[in-house]
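Chemist: Dropping the sequence and predicted coords here.
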Amino acid sequence: MTCTAHLLTKTWHLSKKDHDLDASTLMWEGRTFLDWEVITLFYAAMHYVHAYFATKGIHPKAHVTPDCRGTNDLVLAELSHIAREYIQLYELSRGARYGLPKQVIQQGDVSDAEEWFEFVRDGIEPMLP
């Protein structure tokens with residue numbers, strides 16, 4: 001799959017963030033897929049961060065990279081005011097996706113994810129031109 005320029009814009013990332021939040025809301029209503037609520041909240045937060053970096057001409061291609069230019073690396077280096085919450089949300093989401101043995105997500109985890117998402121959102125939105 002080839003990335004085209006429109007996929008790298010702030011607007012595209014914000015649209016993807018809205019899509020992820022819509023999915024999270026649907027899962028919230030059923031209370032069946034707590035792991036996916038966490039995962040969609042993380043990806044919504046990631047798209048906020050990517051929207052910010054897109055305004056700077058930076059387009060991370062992975063969470064962590066050997067050259068320290070992955071999303072997590074950039075958040076730690078350039079967005080320290082949201083780094084703790086973003087990385088916590090990343091780690092919880094990663095555990096929900098890949099944990100061995102499978103991490104069982106509880107309602108308290110979803111509440112934490114919502115709080116961390118809101119912190120990231122509130123830290124990034126004022127920075128978006």
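Modeler: Everything's here; your move. Note that the coordinates shown come from a computational prediction; the quantities given were computed from them, not determined experimentally. Residues are numbered from 1 along each chain as shown.
Chemist: need the contact list for residue 67.
Modeler: If a contact means CB atoms under 8 Å, 6 or more residues apart in numbering, then residue 67 has no contacts. Yep, even glycine has a C-beta here, placed from its N, CA and C like the rest.
Chemist: separation between it and residue 90?
Modeler: Residue 67 sits 19 Å away from residue 90, taking CB to CB, to the nearest Å as the criterion.
Chemist: where does this structure have low pLDDT?
Modeler: 1-7, 27-31, 100-103 (pLDDT under 70).
Chemist: Okay, helices next: where are they in it?
Modeler: Taking DSSP state H to define them, one finds helices in the chain at 10-30, 34-55, 71-78, 80-98, 107-124.
Chemist: Quick one, which of these gets closest to residue 62.
Modeler: Nearest of the helices of the chain to residue 62, taken as CB to CB: helix 71-78 at 7.2 Å.
Chemist: So which elements touch the closest one?
Modeler: Packing partners of helix 71-78 (3 or more CB pairs under 8 Å, 6 or more residues apart in numbering; DSSP states H and E): helix 34-55, helix 80-98.
Chemist: Quick one: those as JSON lines, columns for distance to residue 129 too.
Modeler: Formatted as JSON lines, the helices and strands packed on helix 71-78 follow (distance: least, CB to CB, whole Å):
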{"stretch": "helix 34-55", "distance to residue 129": "6"}
{"stretch": "helix 80-98", "distance to residue 129": "17"}
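Chemist: Name the stretch among those helices that sits most buried.
Modeler: Among the helices and strands packed on helix 71-78, judged by mean count of other CB atoms under 10 Å, the one packed with the most neighbours on average is helix 34-55 (a mean of 23).
Chemist: Could you check the angle that one makes with helix 71-78?
Modeler: Relative orientation of helix 34-55 versus helix 71-78 (axes from the mean of the first three to the mean of the last three CA atoms, to 10 degrees): 60 degrees.
Chemist: Next, the angle helix 80-98 makes with helix 34-55.
Modeler: Using the same axes, to 10 degrees, helix 34-55 lies at 140 degrees relative to helix 80-98.
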